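Asks: generate a structure from the sequence data that follows.
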Amino acid sequence: MKAIITVIGKDTTGIIYNVSKVLSKLKVNIEDISQTVMQGEYFTMLMLVKIDEKECSFKDVKEALSDLGKNMNLSIQIQKEDIFDAMHKI
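Replies: The predicted structure is shown next:
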């Protein structure tokens, strides 16, 4: 299953590293990534990932990212790709 992850917060060292580390531990593959720092202060990242449900569940990934977001004071959201697509169709 594919999913979209968004990360938003104050820029700080290690955001990409820590998000990637969580995903790696859960055997989630990062297929595409886009990140930027806005006005030198606000970090934003969008990731397309593939979750092998034989390795872990969507719920496990969501909980792990939520915990990381709380620990790093970031907003980290994940949506299944089909739901994301349905929400953004005209």
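Asks: okay but F43 is in contact with V7, surely?
Replies: Yes: shown here, F43 and V7 form a contact pair, counting by C-beta atoms under 8 Å, at 7.0 Å. Using the backbone N, CA and C atoms, a C-beta is placed for each residue, glycine as well.
Asks: which one's more surrounded, these two?
Replies: Between F43 and V7, counting by other C-beta atoms under 10 Å, V7 is the more crowded of the two (23 against 17).
Asks: okay, now the residue lying closest to the more buried one once chain neighbours are set aside: neighbour count?
Replies: Once flanking residues are discounted, V7 sits nearest to M45: 4.2 Å by C-beta to C-beta, 6 or more residues apart in numbering. M45 is flanked by 19 other residues according to other C-beta under 10 Å.
Asks: I'd like to know how far M45 sits from S57.
Replies: In this view, M45 and S57 are 23 Å apart by C-beta to C-beta, to the nearest Å.
Asks: in the protein, what residue spans correspond to strands?
Replies: Under the criterion DSSP state E, strands of the chain are mapped to 2-10, 29-38, 42-50, 75-80.
Asks: packing partners of the longest one?
Replies: In this case it means strand 29-38. helix 15-25, strand 42-50 (3 or more C-beta pairs under 8 Å, 6 or more residues apart in numbering; DSSP states H and E).
Asks: show me what that strand pairs with in its sheet, parallel or antiparallel.
Replies: Applying DSSP bridges, strand 29-38 is found paired with strand 42-50 (antiparallel).
Asks: what's in contact with the strand it pairs with?
Replies: 1-12, 15-16, 19, 23, 28-38, 74, 81 (C-beta atoms under 8 Å, 6 or more residues apart in numbering).
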